[in-house]
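[1] Structure here, sequence nowhere to be found:
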């Protein structure tokens, strides 16, 4: 039952992919160009979903974080914009320090 459901959901996507591949072939796009563009789009989509968190994105992609990092470098992807709002606050913005002498 679940295999049938997965097959049904992927049907239109597979059809779209086949049409896209045919268009790319007709336009003279090489295999390496197509693979490179696919990797870029796929990785950027997952990184956007994980708000630039490479550990989470690597997990979702099913690859090691180092492999993802290397692939990002090889594809010359700019992921800084994805992480812009996801930075941790500085230590000075954390809770008020406790007076250790008073805590005894």
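    Structure received. All values reported here derive from a predicted model rather than from experimental measurement. Numbering: from 1, shown residues only.
[2] What ranges does this structure have for its helices?
    For the chain, the helices defined by DSSP state H occupy 2-26, 31-49, 54-61, 65-74, 100-103.
[3] buried ones in the second one?
    I take that to be helix 31-49. Across helix 31-49, burial judged by 16 or more other C-beta atoms under 10 Å covers 43, 44, 46, 47. For glycine as for every other residue, the C-beta is placed from the backbone atoms N, C-alpha and C.
[4] In contact with the closest residue to residue 39 other than its chain neighbours, which residues?
    Nearest residue to residue 39 in three dimensions, chain neighbours excluded: residue 75, at 6.1 Å (C-beta to C-beta, 6 or more residues apart in numbering). Counting by C-beta atoms under 8 Å, 6 or more residues apart in numbering, residue 75 touches 36, 39, 40, 43.
[5] how about 10 Å then?
    For residue 75, the contact set (C-beta atoms under 10 Å, 6 or more residues apart in numbering) comprises 36, 37, 39, 40, 43, 44.
[6] and residue 58, how many neighbours?
    Close neighbours of residue 58, defined as other C-beta atoms under 10 Å, add up to 21.
[7] quick one: it from residue 76, how far?
    18 Å (C-beta to C-beta, to the nearest Å).
[8] now stretch 65-73: mean pLDDT?
    Mean pLDDT, stretch 65-73: 96.
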